[in-house]
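>>> Could you look at this predicted model? Sequence included:
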Amino acid sequence: MAIVDNTTLKGYFETGDVPTQTQFENLIDTLAQFQNGYILDSDTWTYASATSFTIAGKDVTSRFPVGTKLKLTNASTTKYFYVISTSFSTDTTVNITGGSDFSLASGAITGNYYGYGSPLPGFPDWFNVSIVWQSDGTQPVLNNGTLVGRIKISGNKVHLKIKLTIGSSTTIGSGTYSFVSPIDAKYILWESSTWIAFDVSAGYSIYTGKTFINNLNKVYMLTDAGSYFTNISPFILASEDILALDIDYEM
């Protein structure tokens, strides 16, 4: 019994054929896999980089629209990715992200599946991602603070969550703060989502505002008064303070 591609299945049922028991078993197994939402790809996926693979000699970009979910085996490990872009020139190149959880290793890629639905068995609800905290003045330094980023992608829409917790040795720098997302935005989005901050030293005083992302990948915060979040406004970040952002944008 095996999961086989569409071309192989069609070959079982050509005029005059008498399918064998094994061929019927392959059909059943393959249909069961499709019912799980994944589709087996009979084309060879060839490693190109930690975040891309190629399919030789054909244009199959339409098979992999932005946001397509992938499941594959690489370096003896099952890995999951989103498609973030494709291109064709002699070969099809598929650019992918597994956040900081998954990356391709040089070597064979097998068990190639793609899917469009949600949920898909085993596919993570969220991927961890690396986020950069920066300013337009003296750069902040996280030290023993924590900075956590997570993404979820649906079609061409990115849902990004960021949580910054200031540590006792964190230096907050100066100037206007921003965070760098690992996935570029297609458009500038003003006041597209929200942020909330907890000033622990002031008895958990709460501040809120809007976020926006420019057409590269910088996420900025605006206070309810319309000014940027800086090292001195709306309050001065100190140990144990928390800043959390939630933003949706098109890639």
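Good, I have the coordinates.
>>> what's the least confident helix or strand in the chain by mean pLDDT packed up against?
None of the helices or strands of the chain scores lower by mean pLDDT, DSSP states H and E than helix 21-35, at a mean of 75. On a contact count with 3 or more CB pairs under 8 Å, 6 or more residues apart in numbering; DSSP states H and E, helix 21-35 meets helix 6-12, strand 39-40. Every C-beta, even on glycine, is put in place using the N, C-alpha and C of the backbone.
>>> could you list every residue that touches F229?
Residues in contact with F229 (CB atoms under 8 Å, 6 or more residues apart in numbering) are T176, Y177, W195, A197, G209, Y220, M221, L222, T223, L243.
>>> Name the residues of stretch 226-244 that are buried.
In terms of neighbour count (16 or more other CB atoms under 10 Å), stretch 226-244 has its buried residues at Y228, F229, T230, N231, P234, F235, L237, E240, D241, I242, L243.
>>> What about the contacts of F229, which are in strands?
In strands, defined here by DSSP state E, the members of the contacts of F229 are Y177, W195, A197, G209, Y220, M221, L222, T223, L243.
>>> gap between the third one and Q21?
Summarising the geometry, the distance separating A197 from Q21, computed by CB to CB, to the nearest Å, is 65 Å.
>>> quick one, which of those two is more surrounded?
A197 (22 against 8; other CB atoms under 10 Å).
>>> The protein - how does it break down into domains?
Domain ranges of the chain: 36-115, 127-250, per automatic domain parsing.
>>> State whether L189 and K218 are indeed in contact, as I suppose.
No: using CB atoms under 8 Å, L189 makes no contact with K218, being 11.6 Å away.
>>> show me where pLDDT drops low in the stretch 101-250 of the chain?
Residue ranges of the stretch 101-250 of the chain with pLDDT under 70: 190-192, 215.
>>> For it, which segments count as strands?
Along the stretch 101-250 of the chain, counting by DSSP state E, counting those that start in this stretch, strands occupy 109-115, 127-129, 132-135, 146-154, 157-165, 177-180, 189-199, 205-213, 218-223, 242-250.
>>> Give the buried residues for the shortest one.
Judged by neighbour count using 16+ other CB under 10 Å, the buried positions of strand 127-129 are F127, V129.
>>> Partner strands of it and their direction?
Strand 127-129 has the following strand partners under DSSP bridges: strand 146-154 (antiparallel).
>>> so the strand it pairs with versus strand 242-250, what angle?
If you take axes from the mean of the first three to the mean of the last three CA atoms, to 10 degrees, strand 146-154 sits at 20 degrees to strand 242-250.
>>> what does strand 146-154 rub up against?
Residues outside strand 146-154 that contact it (CB under 8 Å, 6+ apart): 67, 82, 84, 97, 99, 118, 125-131, 133, 158-165, 167, 179, 181-183, 251.
>>> and I28, how many neighbours does it have?
I28 sits with 11 neighbouring residues when counted by other CB under 10 Å.
>>> let me fix that: E14
Here the number of neighbours of E14 (other CB under 10 Å) works out to 8.
>>> I'd assumed it was in a strand, is it?
No: read with DSSP: H, G, I helix; E, B strand; the rest coil, E14 is coil and lies in no strand.
>>> thinking again about what came up before, how about JSON lines for the contacts of F229, with distance to E25 added?
Below are these laid out as JSON lines (distance: CB to CB, whole Å):
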{"residue": "T176", "distance to E25": "63"}
{"residue": "Y177", "distance to E25": "59"}
{"residue": "W195", "distance to E25": "55"}
{"residue": "A197", "distance to E25": "59"}
{"residue": "G209", "distance to E25": "59"}
{"residue": "Y220", "distance to E25": "57"}
{"residue": "M221", "distance to E25": "57"}
{"residue": "L222", "distance to E25": "60"}
{"residue": "T223", "distance to E25": "63"}
{"residue": "L243", "distance to E25": "56"}
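>>> which pair in these spans the largest distance?
Farthest-apart pair in the contacts of F229 is T176 and A197; separation 15.0 Å (CB to CB).
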